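Asker: turn this into a structure:
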Amino acid sequence: MEHFAKINFLGASGVVTGSKFLIETSEKNILIDCGMFQGLKELRELNWQDLPVDVSKIDVVLLTHGHLDHVGYLPRLVKQGFEGKIIGTAPTLAIAKIILKDIAKINEEEAEKANEEEYSSHKPALPFYTIEDAEKTIKQFDVKEDNEWLLLSENIKYRFQQNGHIIGATFIELDIKGKRFVFSGDIGRKNDYLLQDPKTPERADFLFIESTYGNKLHPVEDVEQKLATIIKKTIQKKGNLIIPSFAVERLQTLMYILWKLYKENKIPNIPIFVDSPMGNRVLDVFKRFPTWHKLPVEDYNAMCNHVNIVQSYKETWETIDDKRSKIIIAGSGMVTGGRVLTYLQQLIDEKATTVLLVGYQAEGTRGRQLLDGAHEIRFRGKYYPIKATVKTIESLSAHADQQDLISWMKNIKNVPEKIFLIHGEPTALDAFRVKIKDTYNWNAVIPKLDSVEKVEI
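Answerer: Numbering: from 1, shown residues only. The predicted structure follows:
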């Protein structure tokens with residue numbers, strides 16, 4: 001009987017995106033998350049490479065939550081020979097299904113457009129995966145309940161625990177021969193508009209913890225007041241407020257806040273257009289799984305009735321041509337694709353336009369360029385001058401900040417044998433490592449991408 005587990009850091013190691021952690025044991029080989037790399041070109045290119053492990057020997061995939069950087073590589077995994085179950089909570093798999101099909105559709109459309117207009121360096125441009133690939137992957141989904149221990153084999157069991165962040169999100173506790181491996185996934189924040197507070201682990205022999213904001217505290221700002229001020233200035237300028245938004249959670253949170261501001265007479269009845277096919281489908285996930293959030297059904301219905309849901313690309317152009325001051329919430333949150341590109345192409349060179357960034361902007365994304373004050377931006381092979389005002393509301397982030405992360409660990413009663421800092425950029429990882437040492441006197445390490453670690457079990 002082998003007394004070691006081998007940990008393969010296949011993503012989110014030294015970087016924020018691409019979460020993939022393979023645990024190899026004598027009984028089962030378990031992949032925790034299977035995400036796509038986003039951001040810098042050198043990272044995105046990694047998506048096209050096969051994993052440096054024998055994928056056919058992976059027995060099961062456990063998903064912390066449904067975001068693209070945690071599930072987006074699944075169809076490629078299946079193509080490389082994975083035949084096991086893909087396990088997650090019901091809302092997580094519902095969201096993963098939406099995201100995989102949506103990304104596949106976008107991939108196919110963008111490859112076709114690139115080939116027609118010849119703006120890709122690849123001849124021909126190929127989709128990362130197809131709708132058929134996504135459909136095949138979804139057949140391997142297997143829903144499990146949270147908050148109960150489930151057996152994978154004689155000496156291996158796991159449990160999902162609710163973690164805030166987005167609907168369905170969890171951290172994963174994995175017991176292997178009595179040793180507790182804890183994978184934080186993405187940790188949410190307390191007092192969220194829509195979600196319950198994250199639960200916390202009470203034991204961890206090996207802790208894998210996200211570090212997205214490991215070096216930062218979210219500003220203490222009155223989100224509602226700041227948003228109301230930006231909206232009123234937009235109306236004064238007779239302009240448009242464009243909010244690039246993540247389709248999962250952020251879009252629904254924005255809808256809720258805007259409805260709340262209107263209901264409390266803090267903003268005028270400005271038209272609000274929600275243009276995110278994926279976001280609309282995620283709204284339905286909220287409807288289907290009411291026990292996973294704290295929004296009463298009457299508030300959900302009122303919020304949905306308060307906005308204009310854009311149903312087609314034709315309506316996108318009708319919204320652009322609408323001369324009224326308006327709010328446009330459109331995907332994607334880091335301006336990497338989606339309907340928001342069309343709005344920005346048409347409106348970013350107008351001084352009356354305001355672009356509001358409301359989430360994490362990874363290196364190499366257009367959102368980061370806007371945040372860093374770029375003077376021009378490239379869409380679909382052409383450059384556009386940025387004359388719009390760019391604003392940001394950092395405290396709407398769905399990620400725990402450094403203080404939240406430290407607090408999330410405080411109920412761990414044992415001293416972990418090893419803490420692996422993952423899902424962070426280098427400066428955030430190192431600052432968080434120092435903070436953990438100062439707070440708990442625990443030693444944390446920062447694994448490198450594609451590194452392998454052997455631990456005793």
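Asker: burial count for residue 362?
Answerer: 21 (other Cβ atoms under 10 Å). The C-beta positions use only the backbone N, C-alpha and C, and glycine is treated the same way.
Asker: excluding covalently adjacent residues, which one is nearest to it?
Answerer: Spatially, and ignoring its direct neighbours in sequence, residue 362 is nearest to residue 39 (3.8 Å; Cβ to Cβ, 6 or more residues apart in numbering).
Asker: tell me the SS of residue 47?
Answerer: Of the three states, residue 47 takes helix according to DSSP: H, G, I helix; E, B strand; the rest coil.
Asker: is it true that it touches residue 36?
Answerer: Yes - with contact defined as Cβ atoms under 8 Å, residue 47 reaches residue 36; the gap is 5.4 Å.
Asker: of those two, which one has the most company?
Answerer: The residue with more neighbours, out of residue 47 and residue 36, is residue 36; 25 against 18, by other Cβ under 10 Å.
Asker: quick one: that one and residue 77 touch, right?
Answerer: No - using Cβ under 8 Å as the test, residue 36 is too far from residue 77 to be in contact (11.0 Å).
Asker: all helices of the stretch 101-250 of the chain, in order?
Answerer: Secondary structure of the stretch 101-250 of the chain, counting by DSSP state H, counting those that start in this stretch: helices at 131-138, 223-236, 250-263.
Asker: kindly apply the preceding question to the stretch 301-450 of the chain instead.
Answerer: Counting by DSSP H, counting those that start in this stretch, the helices of the stretch 301-450 of the chain are 313-321, 340-347, 366-371, 402-408, 426-440.
Asker: over the fourth one, what's the mean pLDDT, rounded is fine.
Answerer: Averaged over helix 402-408, pLDDT sits at 98.
Asker: so the residue positioned nearest the centre of the chain versus residue 314, what's the distance?
Answerer: Residue closest to the average C-alpha location in the chain (Cα atoms, centre = their mean): residue 67, at 3.9 Å. Residue 67 sits 29 Å away from residue 314, going by Cβ to Cβ, to the nearest Å.
Asker: what is the burial count for the residue lying closest to residue 289 once chain neighbours are set aside?
Answerer: Leaving aside its sequence neighbours, residue 289 sits nearest to residue 91 (Cβ to Cβ, 6+ apart; 4.7 Å). By the criterion of other Cβ under 10 Å, residue 91 has 26 neighbours.
Asker: repeat for residue 425
Answerer: Residues lying near residue 425 (other Cβ under 10 Å) number 17.
Asker: now it: closest residue in space, sequence neighbours ignored.
Answerer: residue 16 (6.0 Å).
Asker: the one you found against residue 422, yeah?
Answerer: No - using Cβ under 8 Å as the test, residue 16 is too far from residue 422 to be in contact (9.2 Å).
Asker: bridged to residue 377, which residues?
Answerer: Residue 377 has these beta-bridge partners by DSSP bridges: residue 384.
Asker: can you name the residues that contact it?
Answerer: 344, 348, 366, 369, 370, 383, 384, 386 (Cβ atoms under 8 Å, 6 or more residues apart in numbering).
Asker: and which of these is nearest residue 246?
Answerer: Each of those was scored against residue 246 by Cβ to Cβ, and residue 366 proved nearest at 14.1 Å.
Asker: which residues does residue 55 contact?
Answerer: Counting by Cβ under 8 Å, 6+ apart, residue 55 has contacts 77, 80, 81, 82.
Asker: and the nearest residue to it once chain neighbours are set aside, how many neighbours does it have?
Answerer: Closest residue in space to residue 55, ignoring its immediate chain neighbours: residue 80 at 4.1 Å, by Cβ to Cβ, 6+ apart. If you count neighbours by other Cβ under 10 Å, residue 80 ends up with 15.
Asker: so residue 80 touches residue 50, yeah?
Answerer: Yes - counting by Cβ under 8 Å, residue 80 touches residue 50, with 5.5 Å between them.
Asker: still on that earlier bit, including mean neighbour count and distance to residue 141, could the helices of the stretch 301-450 of the chain go into TSV?
Answerer: Output for the helices of the stretch 301-450 of the chain, formatted as TSV (neighbours: other Cβ atoms under 10 Å; distance: least, Cβ to Cβ, whole Å):
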stretch	mean neighbour count	distance to residue 141
helix 313-321	14	29
helix 340-347	20	29
helix 366-371	21	30
helix 402-408	19	28
helix 426-440	17	32
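Asker: and those: which comes nearest residue 212?
Answerer: Nearest of the helices of the stretch 301-450 of the chain to residue 212, taken as Cβ to Cβ: helix 426-440 at 6.8 Å.
Asker: give me the residues contacting the closest one.
Answerer: With Cβ under 8 Å, 6+ apart as the test, helix 426-440 has contacts from 14, 211-216, 402, 405-406, 409, 419, 421, 424, 442-446.
Asker: how far away from the center of its chain is it?
Answerer: Put simply, helix 426-440 sits 23 Å off its chain's centre (Cα atoms, centre = their mean, to the nearest Å).
Asker: avg pLDDT for that helix?
Answerer: Across helix 426-440, pLDDT averages out at 98.
Asker: do the same with stretch 3-14
Answerer: So the average pLDDT for stretch 3-14 ends up being 96.
Asker: then it to CSV, C-alphas only?
Answerer: Taking Å, rounded to 0.1, in the frame of the first residue of the first chain, the C-alpha atoms of stretch 3-14 are listed here in CSV:
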residue,chain,number,x,y,z
HIS,A,3,1.8,5.9,1.8
PHE,A,4,2.1,9.0,-0.4
ALA,A,5,-0.1,11.2,-2.5
LYS,A,6,1.3,13.0,-5.5
ILE,A,7,-0.1,16.5,-6.1
ASN,A,8,0.2,17.9,-9.6
PHE,A,9,-0.2,21.7,-9.9
LEU,A,10,-1.6,22.0,-13.4
GLY,A,11,-3.1,25.5,-13.1
ALA,A,12,-3.7,28.5,-10.8
SER,A,13,-0.1,28.2,-9.6
GLY,A,14,1.8,31.4,-9.7
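Asker: can you list the buried residues in it?
Answerer: Going by neighbour count (16 or more other Cβ atoms under 10 Å), the buried part of stretch 3-14 is 5, 7, 8, 9, 10, 11, 12, 13, 14.
Asker: could you do stretch 65-80 as well?
Answerer: Across stretch 65-80, burial judged by 16+ other Cβ under 10 Å covers 65-78.
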